[in-house]
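Enquirer: Predicted model and sequence follow; I will ask about them next.
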Amino acid sequence: MSLFRQATSIASSRQLNHFKSCFAIRSMASLERINTDKAPAAIGPYSQAVAVNGFLYVSGQIPVDPTNQELKLGTVAEQTSLVLDNLKAVLEAGGSSMNQVVKTTVFLKDMNDFTAMNEVYAQKFGDARPARAAMEVARLPKDVSVEIECVAVTAKM
């Protein structure tokens, strides 16, 4: 057997073993659904967050007061503040924190509100600087001005 064929055979064998181990890890992974009364209840067939393989996937949060489930419309800055408080509550319920957020996605009703949202966002995240995407959308649930979702790491594996 040529040296090239031997190297290819070894590489293929390693790749196959890596694939098998990744598949085994993923197939054994258990999903943990996160629910807390310190954030708004889900208003549909979804979870506030799902933890799996050391990551926490947090559903989009909107400015709803978790104590009474009432929508709190106000300025974009006020809405963003409540949205990030709700996000923080879900993160904490899932064993994570704002400092462990890897990525956020910000949905804005009007991109002209980006600066107001961004000022509150910077205050709430402090020195943490997760990756982020921000986009204007045609409409958000309950006609709010901002919704934010995120992915974070957790200590749970």
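Expert: All right, it came through fine. Residues are numbered from 1 along each chain as shown.

Enquirer: in this structure, which spans are helices?
Expert: With DSSP state H applied, the chain shows helices at 3-28, 76-93, 114-125, listed in chain order.

Enquirer: Please work out how many residues are found near residue 139.
Expert: Here the neighbour count serves as a burial measure; for residue 139 (other C-beta atoms under 10 Å) it reads 9. C-betas here are computed from N, CA, C, even on glycine.

Enquirer: Now it: closest residue in space that isn't a chain neighbour?
Expert: With sequence-adjacent residues excluded and distances taken as C-beta to C-beta, 6 or more residues apart in numbering, residue 139 is closest to residue 109, at 7.3 Å.

Enquirer: Kindly report the same for residue 135.
Expert: The shortest distance from residue 135 to any residue that is not its chain neighbour, by C-beta to C-beta, 6+ apart, is 6.2 Å, and that residue is residue 107.

Enquirer: what's the neighbour count on the one you found?
Expert: Neighbours of residue 107 under the rule other C-beta under 10 Å: 20.

Enquirer: Is it bridged to anything, and to what?
Expert: Taking DSSP bridges, one obtains residue 135, residue 147 as the residues bridged to residue 107.

Enquirer: for it, what are its contacts?
Expert: 60, 134-135, 137, 140, 146-148 (C-beta atoms under 8 Å, 6 or more residues apart in numbering).

Enquirer: that older thread, weakest of the helices of the chain in terms of mean pLDDT?
Expert: Per-stretch averages of pLDDT across the helices of the chain put helix 3-28 at the bottom, with a mean of 55.

Enquirer: Now which of the contacts of residue 107 would you call buried?
Expert: Buried residues within these, counting neighbours by 16 or more other C-beta atoms under 10 Å: 60, 134, 146-148.

Enquirer: Looking at these, which one is closest to residue 124?
Expert: Distance to residue 124 across the buried ones among the contacts of residue 107 (C-beta to C-beta) is lowest for residue 148, with 10.0 Å.

Enquirer: Surely that closest one touches residue 85?
Expert: No - here residue 148 lies out of contact with residue 85, judged by C-beta atoms under 8 Å, at a distance of 10.9 Å.

Enquirer: For the residue nearest to residue 139, grab the count of nearby residues.
Expert: If you count neighbours by other C-beta under 10 Å, residue 109 ends up with 18.

Enquirer: and it, what does it touch?
Expert: Residue 109 makes contacts with 136-137, 139-140, 143-146, as judged by C-beta under 8 Å, 6+ apart.

Enquirer: follow-up on the earlier one: so how far is residue 44 from the residue nearest to residue 135?
Expert: With the distance defined as C-beta to C-beta, to the nearest Å, residue 107 ends up 16 Å from residue 44.
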